[in-house]
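> My questions concern the predicted model and sequence given below.
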Amino acid sequence: MTTQTRAQQLKEIEFQTQMLNNLKKWIRNLIILSSIGIILAYWGLGVQSKMPFTVFGVIGVILTVVSVILCVVIGLGIKRGKENVDKIIQLIKA
């Protein structure tokens, strides 16, 4: 492992924190997308009963499932990223 200067480590913390904030924005967008998918699924499968609307309902379900899976994956990335930032902070303090 290469040794980094304190300034490089501080810059790395700043960069990773910025990327974590970007991931939080992605999670927010995916939650909104999954909400739209739930509404679309409810409307297409529950309220309307004709074939074209059923297709919208299925698309809504798929959209919701994909959004939730991506939220879980990005949430794991945020968790691991925070742990990584904490490790760098501990290295600086030591």
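That came in fine, so what should we check first?

> Please spell out which residues along whatever helix or strand I39 lives in are buried.
Secondary structure from DSSP states H and E places I39 in helix 6-41. For helix 6-41, burial by neighbour count (16 or more other CB atoms under 10 Å) applies to I13, L20, I27, L30, L33, S34, G37, I38, L40, A41. Bear in mind the C-beta positions are built from the backbone N, C-alpha and C, glycine included.

> pLDDT below threshold where in the protein?
Along the chain, the parts satisfying pLDDT under 70 run over 1-3.

> longest single helix anywhere in this protein?
Ordering each helix of the chain by length in residues (DSSP state H) puts helix 51-93 first.

> Report all helices and strands that that one contacts.
Applying 3 or more CB pairs under 8 Å, 6 or more residues apart in numbering; DSSP states H and E, one finds that helix 51-93 contacts helix 6-41.

> Could you tell me the angle between the helix it packs on and helix 51-93?
Going by axes from the mean of the first three to the mean of the last three CA atoms, to 10 degrees, helix 6-41 is angled at 160 degrees with respect to helix 51-93.

> Give the other helices and strands that helix 6-41 contacts.
Going by 3+ CB pairs under 8 Å, 6+ apart, helix 6-41 lies up against helix 51-93.

> distance between the helix it packs on and the chain's centre?
Centroid separation for helix 51-93 versus its chain: 3 Å, with CA atoms, centre = their mean, to the nearest Å.

> now stretch 30-38
On the basis of CA atoms, centre = their mean, stretch 30-38 sits 12 Å off its chain's mean C-alpha point.

> which outside residues touch it?
Stretch 30-38 has contacts (CB atoms under 8 Å, 6 or more residues apart in numbering) with I59, G60, V61, I62, L63, T64, S67, V68, L70, C71, I74.

> which of these are buried?
Buried among those (16+ other CB under 10 Å): G60, V61, L63, T64, S67, V68, L70, C71, I74.

> Quick check: the second one touching Y42?
No: the pair V61 / Y42 is not scored as a contact, 9.8 Å apart, by CB atoms under 8 Å.

> what does stretch 79-86 contact?
Contact with stretch 79-86 is made by I13, Q16, T17, M19, L20, L23, as judged by CB under 8 Å, 6+ apart.
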